[in-house]
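1. 3D, please:
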Amino acid sequence: MHNKNFIEKIIDKDLNKFFTKKKLLFRFPPEPNGYLHLGHVKSIYLNFTLAEKYKCPFILRFDDTNPIKEESKFIQAIKNDIKWLGFQWGKETYASDYFFELYKLAKKLILKGKAYVDCQNKNEIKEQRKTSYEVGIESPFRNRSKEENIFLFEKMKDGLFKEGECVLRAKIDMNSPNLKLRDPIMYRILNTKHYKTKTHWVIYPTYDWAHGQSDYLEKISHSLCSLEFQHNKPLYNWFIIQIKNKETVSVPRQYEFSRLNLNYSLMSKTKIKCLIKNKMVDNWDDPRLPTISGLRRRGFTPQSICNFIKEIGISKRENNIDISLLEFHVKKTLNQMADRVMVVFNTLTLIIANFNKTKWLLDQKNNQFRKIPFSREIYIETKDFLETPTEKFFRLSIFKKVRLKDAYIIYAKSIIKNYTGKIKYILCKYYKQTKTNQATLHWVSKTYSFPINISFYGNLFHIKCPGQGQSFSKYVNKKSKLKAKAYAEPYLKTAKYENKYQFIRRGYFCLDKDSTFKKLIFNQIVSL
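-> As a prediction, this is how the structure comes out:
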């Protein structure tokens with residue numbers, strides 16, 4: 001039986017008091033100023049599954065209120081990520097769709113004496129706010145008349161003030177211990193072209209003003225967000241109380257759940273941007289990042305990510321999730337779908353003295369046949385041979401037999417070395433009637449194998465919780481990406497981007513987007 005999380009219990013109670021099922025409505029409201037990361041998936045998964053459970057609509061809304069940071073490329077990337085995860089929204093909206101309605105609601109607050117135009121600069125306003133433990137200083141413009149404020153606000157809208165010359169602020173409480181309530185800014189002047197509304201507006205609503213009011217205009221029933229927004233809740237509620245009509249019974253209600261914190265990683269678009277800017281990672285889709293595009297490029301599957309989110313659950317308790325749990329779900333999924341192939345990294349040549357041709361062996365899996373060439377010269381891993389074996393060494397050594405995967409039993413007869421004493425090759429013989437699927441060593445034909453490039457990925461940071469401080473960049477692991485070359489069986493020449501592969505005894509891999517026909521690059525997804 002499904003155990004309800006605390007959000008579901010709240011919704012069930014609200015259905016008895018405030019909402020009918022017909023009035024339930026959920027949304028996911030990203031800001032299009034970067035790519036989605038694992039932290040966003042928790043919110044996406046929660047909202048989508050709630051809409052599915054209660055059979056109600058779901059809205060994807062872009063809170064696009066800052067033309068300086070927002071771009072249409074982020075809109076498309078976000079939509080691609082959500083679709084890739086397997087979720088589909090019913091309606092797509094934008095906060096910028098409501099710019100005129102938000103403007104009218106702001107005028108409504110001015111006429112109620114709850115907002116005013118402040119002609120101070122941002123540094124003066126910040127200084128007057130003080131800290132939570134100090135008494136704030138009221139703006140000298142706080143008690144302007146409603147008529148003057150309306151006149152000035154309309155002049156702001158018409159572009160008759162310069163950028164930074166004035167702002168519209170809510171009139172709440174300059175002595176509140178919650179700094180969010182110390183007359184927050186609702187509108188600022190930005191002479192920047194908006195990717196969607198172009199140059200139609202020169203005043204732009206702040207996130208705190210547009211976010212909750214967009215919820216109100218769309219009749220969202222439950223505004224679900226992570227705990228970092230709990231200090232915004234009093235402001236969220238205050239705005240809605242000021243603008244709602246008297247006859248309105250049900251209004252959006254904000255509820256917070258714990259954010260996703262993953263060890264050795266960070267969930268912050270701002271900090272990820274910093275890593276990209278300082279060239280500590282390649283881009284938003286760098287496989288070391290917890291972005292959806294990065295995880296997709298790394299080879300993680302939508303199913304494994306959603307299973308991970310499902311297992312950690314929804315609660316109010318903040319904690320750090322170990323990355324091994326995510327890797328567990330990735331391995332579990334890949335184990336069921338990945339093709340098993342043979343790839344040798346550090347090659348050692350074996351010459352089969354009593355074999356002078358090439359034989360194409362067949363490996364059958366899921367009604368698909370894979371041809372494996374077995375020839376006179378083959379590669380095995382250097383570590384799979386010991387000249388002087390130890391008691392617990394069960395691989396190849398002189399005068400010992402070993403079984404090759406999907407092939408034959410071989411016997412090591414002698415070692416051929418060069419003038420420096422380095423092994424050139426091992427002379428072996430094979431036993432013709434011993435072909436079996438039982439595996440001991442993996443190998444590839446020296447003649448038919450081909451070189452591939454490998455990228456190995458480790459933790460991006462040296463410490464478990466790099467996101468807790470401002471100096472996170474100094475903890476970046478400079479060895480988080482390592483490159484290697486290997487030799488692969490010819491089957492991998494037909495590798496596809498959507499397929500996953502288990503390199504036997506090594507780990508799970510996928511083809512990287514930078515691959516070309518002449519140069520195949522594989523990313524390690526996870527080790528075995």
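
2. Might one say that K122 is in contact with E163?
-> No - under the criterion of Cβ atoms under 8 Å, K122 is not in contact with E163, lying 10.9 Å apart. Where you see a C-beta, it was placed from the backbone N, CA and C, and this is true even at glycine.

3. Poorly predicted segments of this protein, please.
-> Counting by pLDDT under 70, the chain shows low-confidence ranges at 1-2, 249, 364-368, 436-439, 469-470.

4. Okay, buried residues for stretch 135-155 please.
-> Within stretch 135-155, the residues that qualify as buried are G136, S139, F141, R144, N149, I150, L152, F153, counting by 16 or more other Cβ atoms under 10 Å.

5. And what about the second one, helix, strand or coil?
-> So that's S139. At S139 the chain is in coil, as set by DSSP: H, G, I helix; E, B strand; the rest coil.

6. who's in contact with it?
-> By Cβ atoms under 8 Å, 6 or more residues apart in numbering, the contact set of S139 is Y116, D118, Q120, I125, Q128, R169, D183.

7. Most neighbours of all the residues you listed, which one?
-> Y116 (25 neighbours; other Cβ atoms under 10 Å).

8. How much space separates that residue from L109?
-> Distance check for Y116 against L109: by Cβ to Cβ, to the nearest Å, it reads 9 Å.

9. Tell me what R403 is bridged to.
-> R403 forms beta bridges with I409, as assigned by DSSP bridges.

10. List the contacts of K244.
-> Under the criterion of Cβ under 8 Å, 6+ apart, the contact partners of K244 comprise Y216, V251.

11. For L111, see how far away it is.
-> Separation of K244 from L111 (Cβ to Cβ): 15 Å.

12. One more: D64?
-> Counting by Cβ to Cβ, the separation of D64 from L111 is 27 Å.

13. Neighbour count for the two, which is higher?
-> Between D64 and L111, counted using other Cβ under 10 Å, D64 has the larger neighbour count: 27 against 13.

14. Was I right to think the more buried one contacts K196?
-> Yes - the pair formed by D64 and K196 meets the contact definition of Cβ under 8 Å, at 6.4 Å.

15. need the helices for the stretch 201-350 of the chain, in chain order.
-> Residue ranges of the helices in the stretch 201-350 of the chain, as given by DSSP state H, counting those that start in this stretch, are 207-218, 233-243, 269-277, 292-298, 302-312, 323-337.

16. and those as a markdown table, adding distance to Y94 and mean neighbour count?
-> Formatted as a markdown table, the entries for the helices of the stretch 201-350 of the chain read as follows, by distance: least, Cβ to Cβ, whole Å; neighbours: other Cβ atoms under 10 Å:
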| stretch | distance to Y94 | mean neighbour count |
| --- | --- | --- |
| helix 207-218 | 9 | 22 |
| helix 233-243 | 19 | 18 |
| helix 269-277 | 19 | 16 |
| helix 292-298 | 21 | 23 |
| helix 302-312 | 26 | 18 |
| helix 323-337 | 32 | 17 |
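
17. Compare the ones you listed and give me the one nearest Y419.
-> Taking Cβ to Cβ, helix 292-298 is the member of the helices of the stretch 201-350 of the chain nearest to Y419, at 44.4 Å.

18. Quick one: distance of that closest one to the chain centre.
-> Chain-centre distance of helix 292-298: 7 Å, with Cα atoms, centre = their mean, to the nearest Å.

19. For that helix, output the C-alpha coordinates as PDB.
-> Listed in PDB are the C-alpha atoms of helix 292-298, where the atom choice follows Å, rounded to 0.1, in the frame of the first residue of the first chain:
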ATOM      1  CA  ILE A 292      19.700  16.700 -16.500                       C
ATOM      2  CA  SER A 293      21.600  17.300 -19.800                       C
ATOM      3  CA  GLY A 294      24.900  16.300 -18.100                       C
ATOM      4  CA  LEU A 295      23.400  13.100 -16.600                       C
ATOM      5  CA  ARG A 296      21.800  12.300 -20.000                       C
ATOM      6  CA  ARG A 297      25.200  12.700 -21.700                       C
ATOM      7  CA  ARG A 298      26.900  10.700 -19.000                       C
END
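
20. from the contacts of S139, which is closest to E8?
-> Taking Cβ to Cβ as the measure, D183 is the one of these closest to E8, at 36.8 Å.

21. Can you classify the closest one by secondary structure?
-> D183 falls in the coil class when you classify it by three-state DSSP.

22. just the one 3 residues further on next, same as before
-> Look at M186: counting by three-state DSSP, its state is strand.

23. what's the answer for E101, then?
-> Three-state secondary structure (criterion: three-state DSSP) places E101 in helix.

24. was I right about it contacting L217?
-> Yes - E101 is in contact with L217 according to Cβ under 8 Å; the separation is 5.8 Å.

25. shared neighbours, these two?
-> Overlap of the contact sets of E101 and L217 (by Cβ under 8 Å, 6+ apart) is empty.

26. Run through the residues that contact P67.
-> For P67, the contacting residues are L190, T192, K193, H194, Y195, Y204, taking Cβ under 8 Å, 6+ apart as the criterion.

27. any idea how far it is from Y204?
-> According to Cβ to Cβ, P67 stands 7 Å off from Y204.

28. shared neighbours of the two, anything?
-> Shared contacts of P67 and Y204 (Cβ under 8 Å, 6+ apart): L190, H194.

29. Take the contacts of S139 and lay them out in CSV including secondary structure.
-> What follows is the contacts of S139, written out as CSV (three-state DSSP):
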residue, secondary structure
Y116, strand
D118, strand
Q120, coil
I125, helix
Q128, helix
R169, strand
D183, coil
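
30. Farthest pair within those residues?
-> Y116 and Q128 (13.6 Å).

31. where along the stretch 251-400 of the chain do the strands fall?
-> Remark: strands of the stretch 251-400 of the chain, listed N- to C-terminal, are 253-257, 261-262, 320-321, 339-341, 343-344, 347-352, 359-365, 368-374, 377-381; assignment by DSSP state E, counting those that start in this stretch.

32. got a list of contacts for the fifth one?
-> Contacting residues not belonging to strand 343-344 are listed as 379-381, 442-444, 449, 452, 486-489, 492, 503-504, 506 [Cβ under 8 Å, 6+ apart].

33. about what we covered before: among the strands of the stretch 251-400 of the chain, which is the most enclosed?
-> strand 343-344 (a mean of 24; mean count of other Cβ atoms under 10 Å).

34. What pairs with it, parallel or antiparallel?
-> strand 481-488 (antiparallel).
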